[in-house]
Every structure is written in C-alpha cells, then in structure tokens.
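> requesting a structural model of the entry that follows:
(chains A and B)
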Amino acid sequence: MMTMLRRPLFWLILLLAGIFAWLPVRGNNVALREDLILVAVAIILTSNLNLMIGYTGYVNFGHIVFYGLGGYLGLYLATVRGWHLVISALVAGVLVSLVALLFGLGILRLRGAYFALATIGVLVAVQAFVANFEPWGRSTGMYVSFDSYAPLGGPRHALWTTYFLVIGVMALSLLLSLAIKSSKFGLGLFAIREDEDAAIVLGVNATVYKAIIYSVSAFLPAVAGALMFFKNGMIDPSIAFEYMLSLEGIVMLMLGGSGTVAGAALGAGLYERLRSYLLTSPRLSEFHLVIAGGLLLLVIRLAPGGLIGWLYRLIPHSREVVE
Amino acid sequence: MTGLLEVRGISKRFGGLQAVSDVSFTLNEGEILGLIGPNGAGKTSLFNLVNGVYKSDKGSIMFAGKDITGLSPDRVVRLGLARTHQIVRPLQGMTVLENVIVGACFGRENQSMHDAHATALEVLEKVGLAKRAYSPARALTLASKKRLEVARALAAKPKLLLLDEVLAGLNPTEIAQMIDIIHSIRDSGISVFMIEHVMQAIMNLSDRILVLNLGRKIAEAPPAEVVHNTDVVEAYLGFPDIVDKLRGMA
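The predicted structure is shown next:
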C-alpha cells in the first residue's frame, strides 16, 4: 500500500476523480454532469473489462451482463425492499460477483475463442432469464418508486448523490486496476495472458486465478449498474443488457491500450465523447457503430498497443509516469 | 534408503499409442539421472507425467515422501519439482527479469514480490543472463532462452529439476557453458533429471542413465554400462543382431 502512494498514477487517478466531482458543481451545470456520468460509467466498464482482456488475456463479450444484473438487483433492493441506495448497490455488487464466480468456474475451463463464445452465451441466457422473471417485471422491467428518493433528500439531491457515488466507483475501478497490476496476483494474471500452460508449470493456479479475476471484474460494474439504473428511474432487459455497449467496451479498451490502467481510462473517455457527439449529430447518428468498427480495425492494424502503447513508443520515459 | 523421486509402474496411452508403458525407477537425492531414448520413445511424455501435465492411467509417483500422483503442475512445482520445456516457452511480453520473478513468486517458497526480485537477480547471475535482465524475453537468442528456462525453474527453489533438452540447438561453446551451469546446480544441492540427445554431454554429466524405447524402460545403469547394453544399441541403431555383427567386424 505504501508503494502505491509513490506511484504518480495513484495521484493522477485521485486528481481525475476530483476534477470530475468539481466541474459540474461549479455553476450547478446539470448538462455537464449528465455528460460526465456517462464518461465515468464508460471508464468503470472498460477498466474492469481490462482486468479480463488486458491482464488475463480472456476476451469477455458479455461484460455488460454484470452491469445489467447489478442494475436489476440494486433497483429491486432499493425500490421493492426499500433499502438505502448505497447498501443496495453494495449488496448487488457482492451478489453479482458471486454469480460471476459460479459462471467463471464453469466457463473458464474453455480457452480462446471458445471462452469468448461462452461469454456471449452467458449474456443471452441471463437476458432471457431476466426477461421472463416475474418479480423483476419480465420484459417491461421495473420503475423506481418515488419514495426511494426520500432517504437521499428528494430527487434533485439524489441525482447529485448518485453522481458523486459513480465518480467514487470510477476512482475505485482505476485504483483497483492499479493495485492488481502491481501485485503478485497481477503478475500471475499476466503470466496466464502470455502463456497459460507455461504459467501453470511455473506454479500459477490458473483455474483459481481466472475465476477470482472474473468475479472481481464483475463487482464494480454491478455497483455502477445499481447506481445508474436507480438514477435513470427504470430498467428493462433491453437497456440493462445492451449488447452494443459490451462490444463498444472492447473498442474503448483497444483504443486506449489494453493491459494498461491509463489506457482503459483514456480510451473510454475519448470514445464516449465521440459516441455522444455522433449520436446527437443529425447526420452521423446512424453511423456511430460503423465508425466504432472502423476505429477498432484501425487501432488493431496500426497501433495494437492503443494510444498508450503509441505514447510509450514515442516517449519511452512516459512509461514510468503512466505505469 | 528411499529416493527423492520414486516412480512405480507409470503408464499413459493416447488413443492407440502407448506413450509410456509400465515405467518404474528411483531418483536418489543429489543425483543427476539422465533420460535417453530414440525419438518418440516417450521421454517428454514421462516428464509430463512426473510434473503433472498429463494424468497417468496407471502407477504412482512419490516425491520427497509425498504421493504426487494426479496433482496439477502448479501444485507439483510448489512441492519443489520444477521443469524446463524442450520447446522454450518464455512469457514473451515480459522482461527476462519478470519471467524469473514469476518463477520465484509461485515456486516452492511462495515468495513475496520483493523477495522474488532479489532471488531472480541472483539466479540470472548464476545462469549468466544478468546483463539481459531488462530485455524483453522475446528478444533473446535461442541459447539465452534456454538459460531463461533454467533460470525460471531455478527461481522456484526446487529440490528436483527436470531439464528437457537444454543443450539441443546450442553451439559447442554454449553447450560447455550450459554444462557448467548444470554442474553448479547439482553442487548447490539440487537433484537433476535430464533428457538429452547430446550423448557426450549426458554420458559425462549423469550418475546413472535411464533408457526408454517405445515407452518402455530398457535399461537403467551408470553411463559406462549403458553404452555396452545390447538392447540400447539396438534401439538406437535399429537392427536386431547389429551388436553381434559389429563385434564380428572388429
């Protein structure tokens, strides 16, 4: 922990969170807050996805399942059960992590493309289950009852509280990535990424490591899902498990630089801004996925290390600050 | 006296191929045991059985007084049985030092990152790779990658080291250096079980030699006896009666 305090990136993460928290408060800028919360969610999803793809070398196409399940559980606990939002979100995170651990022990025996296919299967299966689950409103979903905002000081206040909580989860996501990267656990994951069989012969218990990281990568996205769908006021199976967002997470990660903490944040931030611009532009809104796909091709072809990899090549010393 | 490694009646079949068939042997503490045999004799398969990459169909393996039959490779290495690969498998994207740190971190002593760093530097010094510590593993020559394989396995602080053809593909100078390394490993108290095709090297290094042919053990003896063993010569040269013919010619 002490060594973390000496890392420039540790302080950069706190600074980023501080700026995110401060910018919209200055001048009570609600529009900016709504923009930044989407950036923060993109960073949360991408940096946790990075734990699987970038650190361990396992492509998860169904990462959004954690976010959606977290949203459902959080909303259910906060609205139907009447729990406090923070408790609901944390419990949702823990439950989704446990579910992920069970899935992980099953599907992580698969490797490469077979694992990737299985993650799509998980996404489709969970969505189908939720869409038919009576207590969660089947395909119509659930709404947040107005009473749920009361413990947070009314709707207006609740939106700000949720915003700060999401920024907190964003900072935690990045710090978690940083902490894992500098740990022995992280070293084991990187060894698995490079050559799983060689890692096992060197003593890495790959089965357990993979299951743990799959479960860990589910926690904060689930917490974020609980917060975001509470903020949105409703949830249904199609917005909770948005396939496209799962794929775009991979684009964001590759764009910024897979395997790096800063790359996940940078890629998510840039892509999310670009996406918002395209979606609101009258001419280009239909094309945003075309552009996402094109971007992914360009990055993989020209700069497989993403923007951060490109930065390292340009200025080798930058690695010491950014890592 | 019981040995460090005791293999009893181990067998492995892949479909129609009996890769290893009812092999038994004992490796004593402090010994260098050589393993030779023609291509396809089952040498690497035997290594894979011993360190748990393959599950045996029959038989048992005792290591340092513990039954390790059926244990996975990561558990086996933690008990102090490390190995190198015939086809080198460095963790390409990592530096040489990081590769060795992985070995130390997850080896027998389960070292912390801090201790593993010190162990790794020490081991790299020992195998003569200290100058390349910060190079990416993928940038090494084949000879250096073989040294890296040895360094990674040594960093695990094993009691027994399995070396799978660490001399293959090296030039005579590199072979001489690697032989020195193997001697120093044994002198530091680590037992060695090694597969090798460079005959002169293995004859000089080994205390005893185990010979496999078609998955079966055909000899287990000191080097001087093995070279005169009729079955061994036939296995290598392929003709029955060749020994008698050669004798007749002499």
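> count of neighbours near residue 119?
By default, I'm working from chain A. A:Thr119 has 22 neighbours, counted by other C-beta atoms under 10 Å in any protein chain shown. Bear in mind the C-beta positions are built from the backbone N, C-alpha and C, glycine included.
> can you look at chain B instead?
B:Thr119 sits with 22 neighbouring residues when counted by other C-beta under 10 Å.
> that one falls within a strand, correct?
No: read with DSSP: H, G, I helix; E, B strand; the rest coil, B:Thr119 is helix and lies in no strand.
> give me the nearest residue to it, chain neighbours excluded.
B:Ala104 (4.2 Å; C-beta to C-beta, 6 or more residues apart in numbering or on different chains).
> for the one you found, helix, strand, or coil?
Applying three-state DSSP: B:Ala104 is helix.
> B:Lys55 versus the closest residue to B:Val53 other than its chain neighbours, what's the distance?
Excluding its sequence neighbours, the residue lying closest to B:Val53 (C-beta to C-beta, 6+ apart) is B:Pro73, at 5.5 Å. Computed as C-beta to C-beta, to the nearest Å, the B:Pro73 to B:Lys55 distance reads 11 Å.
> mind checking pLDDT for the residue in chain A positioned nearest to chain B?
Nearest residue of chain A to chain B, counting by C-beta to the nearest C-beta: A:Gly203, 3.1 Å away. The per-residue pLDDT reported for A:Gly203 equals 94.
> OK, contacts around it?
Listed by C-beta atoms under 8 Å, 6 or more residues apart in numbering or on different chains, the contact set of A:Gly203 reads B:Asp74, B:Val77, B:Arg78, B:Gly103, B:Cys105, B:Phe106, B:Gly107, B:Ala156.
> filter the residues you listed down to the ones near chain A?
B:Asp74, B:Val77, B:Arg78, B:Gly103, B:Cys105, B:Phe106, B:Gly107, B:Ala156 (C-beta under 8 Å from any C-beta of the partner chain).
> just the element for the closest residue to B:Leu71 other than its chain neighbours, please.
Distances taken as C-beta to C-beta, 6+ apart put B:Gly52 closest to B:Leu71, at 5.1 Å, once the chain neighbours are dropped. Under the criterion DSSP states H and E, no helix or strand holds B:Gly52.
> these two touch, right, B:Gly52 and B:Gly70?
Yes: B:Gly52 is within contact range of B:Gly70, at 7.4 Å (criterion: C-beta atoms under 8 Å).
> just want to know which of those two has more residues nearby.
Taking neighbours as other C-beta under 10 Å, B:Gly52 and B:Gly70 compare with B:Gly52 leading, 23 against 11.
> mind listing what the more buried one touches?
Neighbours of B:Gly52 in contact, by C-beta under 8 Å, 6+ apart: B:Ile68, B:Gly70, B:Leu71, B:Ser72, B:Pro73, B:Arg75, B:Val76.
> likewise for B:Cys105?
B:Cys105 makes contact with A:Lys184, A:Leu187, A:Gly188, A:Gly203, B:Gln111, B:Ser112, B:Met113, B:Ala116, according to C-beta under 8 Å, 6+ apart.
> now do the second one, the pLDDT please.
In other words, A:Leu187. Reported pLDDT for A:Leu187: 95.
> how about the last one?
The per-residue pLDDT reported for B:Ala116 equals 93.
> secondary structure element for it?
B:Ala116 belongs to helix B:113-127 when assigned by DSSP H and E.
> dihedrals phi and psi, the nearest residue to A:Gly137 once chain neighbours are set aside?
The shortest distance from A:Gly137 to any non-neighbouring residue, by C-beta to C-beta, 6+ apart, is to A:Asp236 (7.6 Å). Torsion angles at A:Asp236 (phi, psi; degrees, to the nearest 10) stand at phi -140, psi 170.
> same check on B:Met94?
Dihedral angles (degrees, to the nearest 10) for B:Met94: phi -100, psi 160.
> excluding chain neighbours, what is closest to it?
Nearest to B:Met94 is B:Ala137, by C-beta to C-beta, 6+ apart, at 5.8 Å.
> which SS state does the residue nearest to B:Glu6 when sequence neighbours are not counted fall under?
If the residues on either side of it in the chain are set aside, B:Glu6 comes closest to B:Met62, at 4.3 Å by C-beta to C-beta, 6+ apart. With three-state DSSP as the basis, B:Met62 sits in strand.
> give me every residue that touches B:Met62.
Neighbours of B:Met62 in contact, by C-beta under 8 Å, 6+ apart: B:Thr2, B:Leu5, B:Glu6, B:Val7, B:Arg8, B:Ile68.
> closest one of these to chain A?
Using C-beta to the nearest C-beta, the contacts of B:Met62 come closest to chain A at B:Ile68, 13.8 Å.
> correct me, but that closest one touches B:Leu79?
Yes: contact criterion C-beta under 8 Å: B:Ile68 and B:Leu79 qualify, at 6.5 Å.
> returning to what we had before: and the ones next to chain A among the contacts of A:Gly203 as JSON lines, adding pLDDT?
Below are these laid out as JSON lines (pLDDT from 0 to 100):
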{"residue": "B:Asp74", "pLDDT": "95"}
{"residue": "B:Val77", "pLDDT": "95"}
{"residue": "B:Arg78", "pLDDT": "94"}
{"residue": "B:Gly103", "pLDDT": "94"}
{"residue": "B:Cys105", "pLDDT": "95"}
{"residue": "B:Phe106", "pLDDT": "95"}
{"residue": "B:Gly107", "pLDDT": "92"}
{"residue": "B:Ala156", "pLDDT": "94"}
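> element containing residue 225, please.
No chain in the question, so chain A it is. helix A:206-232.
> sorry, I should have been clearer: chain B.
Per DSSP H and E: B:Glu225 is located in helix B:223-226.
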